[in-house]
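Visitor: here is the input, now give the coordinates:
(one chain, ligands or ions: 1)
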Amino acid sequence: MKNVLVVGAGYMGGGIAQVVAQAGYSVYLHDSNPASLEKALKEISWSTEKLEKKGLLRDSAAAVRKRIKPAADLSVARDCQMIIEAVYEDEGIKKQLFARLEDVCPGGTIIATNTSIIPITRLSADMRHPERLVGTHFFGPVPIMKLVEVIKGEKTSDAVFEKSVEFISSIDKYPVRVMKDIPGFVMNRINAMAAQEAFDLVEKGVAAPEDIDIGMRYGFGWTVGPFEITDNSGIDTALLVNMAWRSLLGKDVTVSPLLEKLVKAGRTGRKAGKGFYDYLPDGKKQPFDLRKLD
Ligand SMILES: NC(=O)c1ccc[n+]([C@@H]2O[C@H](COP(=O)([O-])OP(=O)(O)OC[C@H]3O[C@@H](n4cnc5c(N)ncnc54)[C@H](O)[C@@H]3O)[C@@H](O)[C@H]2O)c1
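Guide: Take a look at the predicted model:
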């Protein structure tokens, strides 16, 4: 494997492009929104320079950055052996993208999806070559988090699955093999239960986000609490994931009114400078009184 295309240059796609380039691969990065692509390239430069200063990069930051080429369209897919999709958590958008990619790239190209919860078999239902679709579920912030779930859809071929596991190891991440393609896979099934309970406790006024985050850090050894995680991931993305859960699992899942309120108020998390917390220009966070949203 030599060339990798990452589609979607948001929070996850930018980080994925960075770690793939850090491992020595040549990367194309595409986003339908040129502003997202530009922002991602700036963040990659910032992040790799920081890692270089700490002595954590194998090559120079400049060398890593040079390996990442912005792609204005998807035509570069024909030169790639692996494509990683990290667009919005929306089944229709992802399926449309796979149809366009299948028109461009040869049958042997692996297409990996970074979906948070949508089963791979569902996403590959209309593909001409469903055996080439596999799940590679990265965790954010991607340059820091070492875990990637590799998910085998019902139609994913053994060869594609094994090559994907090897690829994930080659970029210095730990692959967790998920052999049954169920909504949310493994980690997000566990995380969703904790997050849903945490949101519910805040909505009921039982405790504030900062207290629950402290509780999970010091009581259960989490390195960051559920509200810190959601702010880092993007509250808009968390809401899309919540809505996808509901459409996959039905009325047992409620769409969190708290997430809806925050998104409506433009409080989409750390990237917006405000979410469950307020963020100062130096990145430090301060508690925010959620009652102000009512
Ligand atoms: N945020 C997280 O912590 C996290 C963790 C694991 C998995 N995921 C999953 O990763 C995916 C991306 O999440 P994110 O947080 O990076 O979202 P994001 O909103 O930060 O970025 C998505 C990017 O995709 C681009 N895009 C949308 N449609 C496109 C298309 N058709 N072609 C090209 N680009 C397109 C958007 O312009 C945007 O820049 C989602 O499926 C999400 O569920 C997110």
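Visitor: in terms of helices and strands, where is the nearest residue to Gln18 once chain neighbours are set aside?
Guide: Spatial nearest neighbour of Gln18, excluding adjacent residues (C-beta to C-beta, 6 or more residues apart in numbering): Ile44 at 4.7 Å. For glycine as for every other residue, the C-beta is placed from the backbone atoms N, C-alpha and C. Per DSSP states H and E, Ile44 falls inside helix 34-53.
Visitor: next: Arg177.
Guide: strand 174-178.
Visitor: avg pLDDT for that strand?
Guide: Strand 174-178 shows a mean pLDDT of 98.
Visitor: let the chain start at 23 from now.
Guide: Fine by me, first position is 23 from now on; the one you just mentioned is strand 196-200.
Visitor: hey, C-alpha coordinates of it in CSV?
Guide: Extracted in CSV, the C-alpha atoms of strand 196-200 (Å, rounded to 0.1, in the frame of the first residue of the first chain):
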residue,chain,number,x,y,z
TYR,A,196,-3.9,-0.8,18.0
PRO,A,197,-6.5,-2.6,16.0
VAL,A,198,-9.5,-4.1,17.8
ARG,A,199,-11.1,-6.7,15.6
VAL,A,200,-14.9,-6.5,15.5
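Visitor: buried sites along that strand?
Guide: Residues 197-198, 200 are the ones in strand 196-200 that count as buried (16 or more other C-beta atoms under 10 Å).
Visitor: quick revisit: okay, buried residues for the helix holding Ile66 please.
Guide: Buried residues in helix 56-75 (16+ other C-beta under 10 Å): 58-59, 61-63, 65-67, 69-71, 73-74.
Visitor: closest to the ligand out of these?
Guide: Nearest to the ligand among those: Ser58, at 3.3 Å, using C-beta to the nearest ligand atom.
Visitor: understood, closing this out.
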